[in-house]
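# Pasting the sequence and the predicted model now:
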Amino acid sequence: MTTNHKPLSIIAKCALCSIKTELFVCSHCDKVICQICIDKHQLKLNETLKEQWNLCKTKYFNLFRLSDNNAKDMENVENEIDRIRLLINQRYMDLVNLLEQEKNNLLNKIEEYIQLNLSNVSHTDLQQIFDSINQRLNSIFEDPNASYDTDDFLLEVEHFNRLMYSREKQIQTNSLKVCY
């Protein structure tokens with residue numbers, strides 16, 4: 001590298017070698033030096049410039065490498081965040097499904113409870129048995145010549161009494177309550 005040096009029109013001692021000769025002013029450091037020393041001085045400046053530039057390049061490449069590593073790390077972080085986001089969404093959906101199932105189970109239990117108590121209250125099955133026995137016995141009582149088997153009717157009435165007793169116990173043990 002060459003820098004322009006301003007020649008002086010005087011002859012004096014060189015600042016570096018102290019020889020009397022024509023002098024130049026270094027444009028870099030403003031020292032007044034001779035032609036012989038100016039070349040050495042220029043080499044020294046060039047070496048200093050090279051050292052500084054090499055340091056600068058090293059720093060730049062280190063920064064570039066660090067930035068590149070940082071970008072890769074950021075990509076890994078973003079991937080991990082995406083994985084966590086998916087995991088959170090999956091757990092959320094699992095929890096929503098679990099709550100939905102639990103809600104449906106509880107609603108089904110409530111419906112079963114209602115149906116059980118409705119059947120206990122309505123007694124349609126008992127009503128049908130009662131009507132059947134009553135109708136047949138009334139026709140027998142109205143027609144004294146009708147033939148019938150007393151033992152069969154007694155067994156049927158006995159069975160009907162057992163059903164009513166069982167239903168009565170069921171009603172007493174399963175009293176109507178709202179469960180919380």
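Now that the structure is in, tell me what you want to look at.
# C-alpha only now, for contacts and for neighbours.
Noted.
# Mind checking what secondary structure residue 15 has?
At residue 15 the chain is in coil, as set by DSSP: H, G, I helix; E, B strand; the rest coil.
# who touches it in this structure?
For residue 15, the contacting residues are 31-33, by Cα atoms under 8 Å, 6 or more residues apart in numbering.
# between those, which is nearest residue 63?
Residue 63 has its nearest neighbour among these in residue 31, at 36.3 Å by Cα to Cα.
# what's the pLDDT at the nearest residue to the closest one once chain neighbours are set aside?
The shortest distance from residue 31 to any non-neighbouring residue, by Cα to Cα, 6 or more residues apart in numbering, is to residue 25 (5.5 Å). Residue 25 is assigned a pLDDT of 86 by the prediction.
# cool, and the one 5 residues further on?
The pLDDT attached to residue 30 in the predicted structure is 82.
# That one looks like it's in a helix, true?
No: going by three-state DSSP, the assignment for residue 30 is coil, not a helix.
# what number of residues lie near it?
Under the neighbour criterion other Cα atoms under 10 Å, residue 30 is assigned a count of 11.
# quick one: it from residue 24, how far?
To residue 24, residue 30 is 9 Å away according to Cα to Cα, to the nearest Å.
# Kindly report the same for residue 15.
10 Å.
# Next, show the common contact partners of these two.
Shared contacts of residue 15 and residue 24 (Cα under 8 Å, 6+ apart): 32-33.
# So which residue is smack in the middle of this structure?
Centroid check for the chain by Cα atoms, centre = their mean gives residue 88 as the closest residue, at 1.5 Å.
# Tell me the pLDDT of that one.
pLDDT at residue 88 comes out at 98.
# which helices and strands does the particular helix or strand that has it in it pack with?
In this structure, residue 88 sits in helix 35-122 according to DSSP states H and E. Under the contact definition 3 or more Cα pairs under 8 Å, 6 or more residues apart in numbering; DSSP states H and E, helix 35-122 sits against strand 20-25, helix 150-173.
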